[in-house]
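Asks: the amino acid sequence is not available; the structure is as follows:
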């Protein structure tokens with residue numbers, strides 16, 4: 001980390017974009033629609049491989065009907081997970097054997113909320129295939145930024161938490177098990193999750209009261225619903241149906257919820273729609289069996305396969321004691337062997353069978369193949385200031401094998417930006433990464449105002465209304481701790497008071513007779529916001545009083561990066577000052593304003609980080 005020349009620009013602060021700017025991705029690939037990341041604007045799907053080289057990307061029960069037996073011994077698949085399952089007498093026997101497998105072994109229930117909300121499990125399980133800044137959420141035609149938790153995406157229970165526990169979700173998830181099972185939890189659009197509520201999945205009736213259609217791409221994406229039934233887009237139907245059948249198999253025994261004092265009965269999938277009833281009178285069932293069986297014949301794609309693998313093996317860091325961090329450790333057998341749904345719940349439930357007669361998703365998706373299946377953006381810089389230089393190294397691309405092993409890949413071309421050249425215009429711009437197998441287009445925000453493109457920013461408000469210093473602060477000479485936009489800062493000034501606001505910012509000190517003399521803004525902990533912790537640049541906007549200028553020093557981890565002047569432009573215009581941090585470094589940020597001889601105005605604090 002080396003000191004940088006300070007950056008200064010007078011500007012008017014208005015029309016700021018949301019923190020972090022815009023970022024979307026699309027992809028052109030030989031991968032079929034069942035495997036593609038869902039772009040914000042669906043791209044024209046242009047294959048760069050011949051039809052003979054096209055990638056196998058889905059497995060459905062149609063694959064099973066066409067083949068008499070599995071090529072690979074099922075006992076050796078999935079690390080021998082199903083080695084004990086050879087044959088069954090009927091569907092009930094198969095269901096019991098599957099229950100014993102998936103509820104035993106390394107299975108461990110993991111937390112949904114608790115002291116730390118478990119977004120991590122779905123971020124890992126539902127990560128977009130082609131751009132790792134996004135999740136591929138159900139009910140959505142667009143990929144959703146990972147950082148948009150709660151506001152943009154939530155965690156959806158395929159088998160509604162209320163219908164299977166007798167408690168509303170907020171209470172149900174306090175009991176580890178059926179309501180916290182991540183085979184049943186999917187990243188979903190917030191709007192879709194809210195619209196569903198606890199409706200049963202099924203075919204929405206277009207003629208029914210309250211029918212709403214929010215599908216796109218001829219019903220492939222989005223969702224529709226009527227007063228009682230919620231119908232996801234075709235893209236999501238298969239994985240949601242298989243999740244429900246998993247739940248009815250996994251939780252096929254009665255259990256007691258001590259926290260809510262409810263005996264939770266074995267889960268069932270029934271034909272008639274089920275309404276929520278609280279407590280022990282709950283039906284512990286979900287309806288529309290026929291529709292779910294039909295949906296379960298739809299293909300298993302790479303997203304669903306990876307979700308299954310991730311729940312099985314991913315260890316979220318949720319506890320202060322690492323020993324308590326565990327993977328859920330079990331698998332969804334109806335993803336691994338899609339044809340087994342019919343054997344337990346459908347037309348074959350009265351028949352005997354053998355596992356070797358069913359093709360696995362491992363085989364149909366060609367997971368054993370070691371070659372690269374597609375390329376993905378692992379990481380990319382998505383916010384630039386106007387005049388900033390683009391470097392090809394700003395994009396990290398990986399080749400992803402059939403078994404999801406990743407290797408760095410640098411031999412790609414870029415369209416939409418030139419390596420070593422500056423962005424000359426502001427606004428949203430598209431950059432396309434072209435690889436031998438697929439092309440990925442993502443968006444960057446080129447901002448004329450560095451605060452506009454900041455990873456984190458906060459408008460400082462004074463002692464008025466709900467301002468930062470309107471109440472609950474200690475005053476001069478002490479550290480005042482404030483939550484500024486999700487980051488805790490210590491604010492210290494030498495003497496005097498914080499007054500109100502004007503166009504230049506929050507006013508520290510009344511006038512030349514009562515200056516605060518010195519102000520320090522310092523993060524309580526090393527800077528971290530929405531997963532970004534390596535500080536790339538630090539900014540402050542504000543102003544001195546007319547005819548005055550004050551010294552401002554930017555520091556990181558106690559080391560001064562740059563010192564510059566905070567001056568005066570006019571009665572309405574704040575001045576922007578700041579410094580870059582090279583290389584980007586994590587740590588405690590400190591901004592110190594000294595030699596204050598009159599009123600000092602602070603408008604925005606902002607940080608660029610990765």
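Replies: Everything's here; your move. Just so we're clear, the structure is a prediction, and the values are computed from it rather than from any experiment.

Asks: hey, where'd the strands end up in the stretch 51-200 of the chain?
Replies: For the stretch 51-200 of the chain, applying DSSP state E, counting those that start in this stretch gives strands covering 87-88, 134-135, 144-145, 153-157, 185-189, 200-201.

Asks: tell me the centre residue of the protein?
Replies: Residue closest to the mean C-alpha point of the chain, counted by CA atoms, centre = their mean, is residue 146 at 2.5 Å.

Asks: for it, give me its contacts.
Replies: 123, 127, 133, 134, 135, 531 (CB atoms under 8 Å, 6 or more residues apart in numbering). Every residue, glycine included, has its C-beta placed from N, CA and C.

Asks: buried ones among those?
Replies: 123, 127, 133, 134, 135 (16 or more other CB atoms under 10 Å).

Asks: picking up where we left off before, now tabulate the strands of the stretch 51-200 of the chain in CSV and tack on mean pLDDT.
Replies: As requested, those are exported to CSV (pLDDT from 0 to 100):
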stretch, mean pLDDT
strand 87-88, 98
strand 134-135, 97
strand 144-145, 96
strand 153-157, 98
strand 185-189, 98
strand 200-201, 98
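
Asks: which of the ones you listed sits closest to residue 460?
Replies: Taking CB to CB, strand 144-145 is the member of the strands of the stretch 51-200 of the chain nearest to residue 460, at 26.3 Å.

Asks: name every strand pairing with the closest one and say which way it goes.
Replies: Paired with strand 144-145 in the same sheet, following DSSP bridges, are strand 134-135 (antiparallel).

Asks: related to what we said a few turns ago, from the buried ones among the contacts of residue 146, which is closest to residue 479?
Replies: Using CB to CB, those come closest to residue 479 at residue 123, 34.3 Å.

Asks: now the closest one: how far from residue 401?
Replies: 21 Å (CB to CB, to the nearest Å).

Asks: looking at the chain, which helix or strand is least sure?
Replies: In the chain, the helix or strand scored least confidently by mean pLDDT, DSSP states H and E is helix 61-66, which has a mean of 39.

Asks: buried ones in stretch 385-394, by neighbour count?
Replies: Neighbour counts using 16+ other CB under 10 Å place 385, 386, 388, 390, 394 of stretch 385-394 among the buried residues.

Asks: let's have those residues in a markdown table, adding distance to residue 501 and secondary structure.
Replies: What follows is the buried residues of stretch 385-394, written out as a markdown table (distance: CB to CB, whole Å; DSSP: H, G, I helix; E, B strand; the rest coil):
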| residue | distance to residue 501 | secondary structure |
| --- | --- | --- |
| 385 | 26 | strand |
| 386 | 28 | coil |
| 388 | 31 | coil |
| 390 | 37 | coil |
| 394 | 37 | helix |
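
Asks: tell me what the host helix or strand of residue 377 is packed against?
Replies: Using DSSP states H and E, residue 377 sits within strand 372-380. Helices and strands touching strand 372-380, by 3 or more CB pairs under 8 Å, 6 or more residues apart in numbering; DSSP states H and E, are strand 395-401, strand 406-409, strand 427-434, strand 438-447.

Asks: any idea of the pLDDT on residue 316?
Replies: In this model, residue 316 is scored at 94, pLDDT.

Asks: cool, residue 333 as well?
Replies: Reported pLDDT for residue 333: 98.

Asks: that one: how many residues sit nearby?
Replies: 28 (other CB atoms under 10 Å).

Asks: do the same with residue 351
Replies: 13.

Asks: quick one, phi/psi of the residue nearest to residue 73 when sequence neighbours are not counted?
Replies: Distance criterion CB to CB, 6 or more residues apart in numbering; nearest residue to residue 73, sequence neighbours excluded, is residue 356 at 7.3 Å. Here is the backbone geometry of residue 356 (degrees, to the nearest 10): phi -70, psi -10.

Asks: residue ranges of the strands in the stretch 251-400 of the chain, please?
Replies: 255-257, 262-264, 268-269, 285-286, 353-354, 372-380, 383-385, 395-401.

Asks: ugh, wrong one, I meant the stretch 401-550 of the chain
Replies: Using DSSP E, counting those that start in this stretch, strands in the stretch 401-550 of the chain cover 406-409, 413-415, 427-434, 438-447, 456-459, 480-484, 487-493, 498-502, 505-508, 519-523, 535-544, 550-556.

Asks: who does the helix or strand following the last one touch, helix- and strand-wise?
Replies: Going back to what we said before, that points to strand 550-556. As assigned by DSSP H and E, the chain's next helix or strand after strand 550-556 is strand 559-566. Contact here means 3+ CB pairs under 8 Å, 6+ apart; on that basis strand 559-566 packs against strand 535-544, strand 550-556, strand 575-585.

Asks: change it to 10 Å
Replies: strand 7-10, strand 535-544, strand 550-556, strand 575-585, strand 589-594, strand 600-609 (3 or more CB pairs under 10 Å, 6 or more residues apart in numbering; DSSP states H and E).

Asks: quick one, the third one and strand 589-594 angle?
Replies: Between the axes of strand 550-556 and strand 589-594, defined by axes from the mean of the first three to the mean of the last three CA atoms, to 10 degrees, the angle is 160 degrees.

Asks: report the strands that pair with strand 550-556, each with its relative direction.
Replies: strand 559-566 (antiparallel), strand 589-594 (antiparallel).

Asks: so for residue 520, which of the ones you listed sits nearest?
Replies: strand 589-594 (5.1 Å).

Asks: what's stretch 416-427 in contact with?
Replies: By CB atoms under 10 Å, 6 or more residues apart in numbering, the surrounding residues in contact with stretch 416-427 are 22, 384-395, 429-433, 441-449, 452-453.

Asks: just the element for residue 223, please.
Replies: With DSSP H and E as criterion, residue 223 is part of strand 221-225.

Asks: now the helix or strand following that strand: average pLDDT?
Replies: Later in the chain than strand 221-225, the nearest helix or strand by DSSP H and E is strand 229-232. Strand 229-232 comes out with an average pLDDT of 98.

Asks: so after strand 229-232, what's the next helix or strand?
Replies: helix 234-250.
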